[in-house]
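sequence and computational prediction follow.
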Amino acid sequence: MTEPPPAEHSAAGLPAAVLGIETSCDETAAAVVAGGHQVRSSVVTSQIDLHRAFGGVVPEIAGRAHLQLLPAAVEQALADAGTDVPDAVAATAGPGLLGALVVGVSAAKALALAWDVPFVAVNHLEAHLYAAFLEGAGHTGRVPNSAPTADRTTGAPTSGAGPTSGADPAAGPTSAADPAAGPTSGADPAAGSTSGADPAAGSTAGVDPAAPGPTLPMIVLLVSGGHTMLIEMAGHGCYELLGQTLDDAAGEAYDKVARLLGLGYPGGPVIDRLATEGDPQAIRFPRPMLADGLDFSFSGLKTAVAVHLRRHPATDRAAQADVAASFQRAVTDVLEAKTLRAAEARGVNSLCLAGGVAANSELRARFEALGTQDYQVFIPTRAMCTDNAAMVAAAGWYQLQRQGPSPLEASPKATWTIPTDRAASRSSDQGGNPSW
Ligand code: KG4
Ligand code: ZN
């Protein structure tokens with residue numbers, strides 16, 4: 001099989017545009033991102049309506065829906081970006097639902113072959129980390145040695161800019177994002193450009209040292225429907241897994257508690273909204289493993305909510321809101337405390353949120369507040385926290401710079417942890433860097 005050509009840059013020396021494709025679960029998404037951070041277009045087509053009746057994602061339905069929805073999503077992403085042929089195509093190759101991943105990966109390979117451009121197989125967890133590198137990502141706190149941070153284009157100070165204030169609290173999956181606006185609902189697009197990033201940190205070979213992005217090393221709290229992880233990102237492609245959930249993921253706990261309350265799927269956004277009406281101190285739910293290392297456990301908390309509801313059925317909205325608010329407070333207490341413990345243990349004061357649960361209002365507010373203390377905090381826009389293809393394109397761009405294209409033989413992987421160079425050496429079953 002012929003290897004695709006290496007990534008090209010445009011004649012003007014501007015970074016190449018990557019088409020990203022995301023089909024790992026129930027969002028069919030395509031996006032064009034230039035230089036690993038400039039969002040030219042982002043289209044996210046949610047399948048939630050197809051799965052809602054079943055109370056969760058049905059893999060077979062997801063795969064078939066991706067087949068139907070992906071061509072239009074790609075067409076629209078290219079049209080919105082004003083791009084006929086991108087310089088590379090990146091697709092999520094795992095972890096996720098195999099039948100869903102196959103659709104996106106096959107489409108990406110076919111397009112890369114037809115256009116004669118490189119194909120990049122991207123890890124979905126790594127992609128979530130790159131949401132913080134997209135323009136529009138927010139930043140609070142001071143960047144060392146350069147405070148206040150100057151806006152690259154205007155020279156205006158951006159330190160302390162609230163990344164999320166004013167953002168749409170109801171932001172669930174979005175469709176047809178405005179390419180001009182980018183996925184920046186309410187956020188300060190300049191705030192993500194933090195020139196304090198240390199280009200020497202980790203393996204940054206080939207990456208533009210002037211590229212904007214969070215300050216590295218940073219501790220990333222990655223909280224999604226399938227994963228809850230604390231990761232130290234020392235450089236591009238250089239991650240260390242510090243802790244993870246021993247049972248349910250944080251998003252899974254949200255979804256299960258929403259089901260217990262008789263609220264719809266997905267549960268995160270519903271509980272987030274309902275919690276604003278309730279008293280977070282009404283019920284003292286457990287804070288699992290709060291004092292205990294860097295791993296998480298959320299299944300006991302879910303059980304505690306179930307037991308509470310058996311004893312005190314939440315028959316009206318006020319009672320439901322108290323349960324939602326108290327549950328959410330317990331989750332965010334644990335997530336914040338463990339993140340701070342990881343930061344202290346590693347001597348790192350740069351923090352980052354990633355994954356669908358990072359769209360949560362309370363979690364965002366708590367992390368924003370840390371920016372007023374001794375931390376620099378990087379928070380993607382809500383739309384870029386939940387599954388999208390812009391983060392895939394960004395991760396693909398950085399991967400191309402580091403490793404070049406992926407082989408066209410690359411197969412999707414249902415299970416694939418974040419490709420952690422150091423963790424892979426600590427434990428051979430981490431499955432960090434695949435040989436395809
Ligand atoms: O990252 P994501 O879109 O997909 C996965 O890779 O899993 O995360 C989806 C998860 C779901 O469990 C959903 O309930 C949760 O993120 N979620 C939220 C919020 N928005 C989405 N959880 C809490 N608050 C939210 N606002
Ligand atoms: Zn995800």
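Structure's in. What do you need? Ligands and ions are numbered 1, 2, ... in the order given.

how close does the spatially closest residue to Glu336 that is not a sequence neighbour sit to ligand 1?
Taking CB to CB, 6 or more residues apart in numbering, and ignoring the residues beside it in sequence, Glu336 has Arg366 as its nearest neighbour in space, at 5.1 Å. Any C-beta I mention is one placed from the backbone N, CA and C, and that applies to glycine too. Arg366 is 13 Å from ligand 1, where distance means CB to the nearest ligand atom, to the nearest Å.

can you check Trp115 too?
Separation of Trp115 from ligand 1 (CB to the nearest ligand atom) stands at 28 Å.

contact partners for that residue?
Counting by CB atoms under 8 Å, 6 or more residues apart in numbering, Trp115 touches Val85, Pro86, Val89.

repeat that for Glu22.
By CB under 8 Å, 6+ apart, Glu22 lies in contact with 28-31, 91-92, 104, 124, 127, 387-389, 391-392.

filter these down to the ones near ligand 1?
Asp387 (CB under 6 Å from any ligand atom).

and which of the contacts of Glu22 is nearest ligand 2?
The shortest approach to ligand 2 among the contacts of Glu22 belongs to Asp387, at 4.4 Å (CB to the ion).

the closest one touches Gly356, doesn't it?
Yes - in terms of CB atoms under 8 Å, Asp387 counts as a neighbour of Gly356; the distance is 6.9 Å.

buried residues, the lengthiest helix in the chain. List them.
Identified as the longest helix of the chain according to DSSP state H is helix 317-346. Buried residues in helix 317-346, counting neighbours by 16 or more other CB atoms under 10 Å, are found at 319-336, 338-339, 341-343, 346.

before we move on, what about stretch 241-252?
Here stretch 241-252 shows Leu241, Leu242, Gly243, Gln244, Thr245, Asp247, Asp248, Ala249, Ala250, Gly251, Glu252 as buried, counting by 16+ other CB under 10 Å.

test my guess that the third one contacts Met229.
Yes - when contacts are counted by CB under 8 Å, Gly243 is listed as touching Met229 (7.0 Å).

mind giving me the packing neighbours of the longest helix of the chain?
For helix 317-346, the packing partners by 3 or more CB pairs under 8 Å, 6 or more residues apart in numbering; DSSP states H and E come out as strand 218-223, strand 228-235, strand 238-244, helix 250-260, helix 267-275, helix 299-311, helix 361-370.

does ligand 1 sit close to it?
No - on the criterion CB under 6 Å from any ligand atom, helix 317-346 is out of touch with ligand 1, staying 7.8 Å away.

show me how far that helix is from its chain's centre.
Centroid displacement of helix 317-346 relative to its chain, using CA atoms, centre = their mean, to the nearest Å, is 19 Å.

what's the angle from it to helix 250-260?
Comparing the axes of helix 317-346 and helix 250-260 via axes from the mean of the first three to the mean of the last three CA atoms, to 10 degrees yields an angle of 170 degrees.

so after helix 317-346, what's the next helix or strand?
Where DSSP states H and E defines the elements, the next helix or strand beyond helix 317-346 is strand 350-354.

tell me how far that following strand is from the chain's mean position?
On CA atoms, centre = their mean, the centre of strand 350-354 falls 10 Å from the chain's centre.

relative to it, what are the paired strands and their orientations?
strand 218-223 (parallel), strand 376-379 (parallel) (DSSP bridges).

tabulate the CA atom coordinates of stretch 364-381 in PDB.
Extracted in PDB, the C-alpha atoms of stretch 364-381 (Å, rounded to 0.1, in the frame of the first residue of the first chain):
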ATOM      1  CA  ARG A 364     -16.400  25.300  35.100                       C
ATOM      2  CA  ALA A 365     -17.100  27.900  37.800                       C
ATOM      3  CA  ARG A 366     -15.000  26.000  40.300                       C
ATOM      4  CA  PHE A 367     -12.100  25.800  37.900                       C
ATOM      5  CA  GLU A 368     -12.400  29.400  36.800                       C
ATOM      6  CA  ALA A 369     -12.200  30.400  40.500                       C
ATOM      7  CA  LEU A 370      -8.900  28.500  40.800                       C
ATOM      8  CA  GLY A 371      -7.600  30.900  38.300                       C
ATOM      9  CA  THR A 372      -7.900  33.600  40.900                       C
ATOM     10  CA  GLN A 373      -5.600  31.600  43.200                       C
ATOM     11  CA  ASP A 374      -2.200  30.300  42.200                       C
ATOM     12  CA  TYR A 375      -3.300  28.400  39.100                       C
ATOM     13  CA  GLN A 376      -3.500  29.000  35.400                       C
ATOM     14  CA  VAL A 377      -6.700  27.400  34.200                       C
ATOM     15  CA  PHE A 378      -7.500  26.500  30.600                       C
ATOM     16  CA  ILE A 379     -11.100  25.700  29.700                       C
ATOM     17  CA  PRO A 380     -12.400  24.800  26.200                       C
ATOM     18  CA  THR A 381     -15.700  26.300  25.100                       C
END
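
show me which positions of it end up buried.
So for stretch 364-381, counting by 16+ other CB under 10 Å, buried means 364, 366-368, 370-371, 375-381.

tally of neighbours for the residue in the stretch 151-300 of the chain positioned nearest to ligand 2?
Proximity to ligand 2, evaluated over the stretch 151-300 of the chain using CB to the ion, is greatest for Ser224 at 4.4 Å. By other CB atoms under 10 Å, 24 other residues sit near Ser224.

how about it: what's its closest non-neighbour residue?
Distances taken as CB to CB, 6+ apart place Gly355 nearest to Ser224, at 3.5 Å, with adjacent residues excluded.

then Ser41?
Asp80 (3.5 Å).

which stretches of the stretch 151-300 of the chain have low pLDDT?
151-212 (pLDDT under 70).

name the residues of it found near ligand 2, please.
Counting by CB under 5 Å from the ion, the positions of the stretch 151-300 of the chain adjacent to ligand 2 are Ser224.

can you map out the strands along the stretch 1-150 of the chain?
Secondary structure of the stretch 1-150 of the chain (DSSP state E, counting those that start in this stretch): strands located at 17-22, 27-34, 38-46, 88-94, 119-123, 138-140.

sorry, back to before: mind putting the strands paired with strand 350-354 into JSON lines with distance to Ala282?
Shown next, in JSON lines, are these (distance: least, CB to CB, whole Å):
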{"stretch": "strand 218-223", "distance to Ala282": "24"}
{"stretch": "strand 376-379", "distance to Ala282": "28"}
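
of all those strands, which one comes closest to Tyr265?
strand 218-223 (17.7 Å; CB to CB).

close to ligand 1, is that closest one?
No - counting by CB under 6 Å from any ligand atom, ligand 1 is not contacted by strand 218-223; separation bottoms out at 7.5 Å.

ok, and what's touching that strand?
Identification of contacts with strand 218-223 by CB under 8 Å, 6+ apart yields 125, 128-129, 132, 228-233, 242, 249-251, 335, 338-339, 342-343, 346, 348, 350-358, 363, 376, 378, 418.
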